[in-house]
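Q: A predicted structure for the sequence below; I have some questions about it.
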Amino acid sequence: MNDTRKTALIVGASRTLGLGLAAEYLRRDWDVIGTVRGSRRTGLHDLAEESGGRLTIESLEMTDPDQISALRDRLSQRTLDLLFVNAAITRGDLPIGEVPTDMFTEVMVTNALSPMRAVETLGPLVAPTGTIGVMSSSQGSIALNTEGRQDLYRASKSALNQLMRSYAARSAEDSRTLLLMDPGWVRTGLGGPEADLSVEESVPGVAETMERHAGKPGLHFVDHQGQVVPW
């Protein structure tokens with residue numbers, strides 16, 4: 001490990017955008033810690049084998065608070081320059097009145113509560129000059145919701161944004177940068193095949209936007225092109 005190299009912890013790095021970000025930060029000569037769920041081999045394992053020791057893998061089920069705490073303990077001797085939390089699920093496009101309670105709970109826990117638990121628990125590992133980022137979406141913007149649809153997913157991302165704003169308000173004296181990142185409409189399992197961007201087109205912009213905002217304290221809701229996303 002190079003003591004002068006920056007370190008990123010990417011939570012949810014096994015595939016698509018998370019995996020792309022891990023690869024991007026390796027290209028930018030960072031050390032990367034990436035988390036995966038369970039023990040199944042993923043693309044992150046292939047990337048780790050090619051990284052010359054610069055990528056290490058940690059197991060984490062983010063919906064389990066005890067596992068988040070255990071990860072913090074395992075990394076207690078590391079200082080992070082970037083903590084980025086990447087997690088989202090969708091369960092189809094139902095009007096909110098038709099969403100079963102268990103589905104509502106699952107999506108809200110995965111998309112809003114668990115990422116914020118990760119921020120709260122792992123945030124102390126981030127250097128005072130570092131960045132804490134969370135993958136959000138323009139679908140979490142209330143101002144941009146002019147078409148409806150995807151009620152539950154939109155609500156979960158709006159909740160995430162609100163919770164991150166509360167975190168920022170409670171941490172008003174914090175010198176770290178806080179980011180809600182909209183990666184654009186990306187061709188992933190969640191974004192679907194008709195989306196505008198490939199992972200390879202979105203990820204460099206996400207990383208570059210985070211780099212440009214480094215050292216700017218406070219909370220910023222921005223997209224992969226560096227544009228401000230309205231709340």
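A: The structure has been received and is ready for your questions.
Q: quick one, helices of the chain?
A: 16-27, 43-49, 65-74, 101-108, 114-122, 151-170, 199-213 (DSSP state H).
Q: The shortest one: which residues count as buried?
A: By that I understand helix 43-49. 43, 44, 47, 48 (16 or more other Cβ atoms under 10 Å). Every C-beta, even on glycine, is put in place using the N, C-alpha and C of the backbone.
Q: Now do the same contact list for the last one.
A: Read that as residue 48. Neighbour list for residue 48: 34, 55, 56, 57 [criterion: Cβ atoms under 8 Å, 6 or more residues apart in numbering].
Q: Same check on the first one?
A: Counting by Cβ under 8 Å, 6+ apart, residue 43 touches 14, 15, 19.
Q: roughly how far apart are it and residue 19?
A: 5 Å (Cβ to Cβ, to the nearest Å).
Q: Isn't residue 31 up against residue 6?
A: Yes. Counting by Cβ atoms under 8 Å, residue 31 touches residue 6, with 7.1 Å between them.
Q: Output the contacts of residue 43 in JSON lines, with pLDDT and neighbour count appended to each entry.
A: JSON lines is the format used below for those (pLDDT from 0 to 100; neighbours: other Cβ atoms under 10 Å):
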{"residue": "14", "pLDDT": "94", "neighbour count": "21"}
{"residue": "15", "pLDDT": "90", "neighbour count": "16"}
{"residue": "19", "pLDDT": "96", "neighbour count": "23"}
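Q: Would you mind checking which of those is nearest to residue 195?
A: residue 15 (15.5 Å; Cβ to Cβ).
Q: you'd agree that closest one is up against residue 45?
A: No. Look at residue 15 against residue 45 with Cβ under 8 Å: they stay out of range, at 11.3 Å.
Q: Just the contacts of residue 48: which are in strands?
A: Using DSSP state E, the members of the contacts of residue 48 that fall in strands are 34, 55, 56, 57.
Q: contacting residues around the first one?
A: Taking Cβ under 8 Å, 6+ apart as the criterion, residue 34 is in contact with 9-10, 13-14, 18-19, 22, 44, 47-48, 55-58.
Q: Now it. Nearest residue, chain neighbours left out?
A: residue 13 (3.2 Å; Cβ to Cβ, 6 or more residues apart in numbering).
Q: try the third one
A: Computed as Cβ to Cβ, 6+ apart, the closest residue to residue 56 that is not its neighbour in sequence is residue 33, at 5.3 Å.
Q: For stretch 126-145, list every residue counted as buried.
A: 126, 130-141.
Q: how long is it from one end to the other?
A: Taking Cα to Cα, to the nearest Å, stretch 126-145 runs 33 Å from one end to the other.
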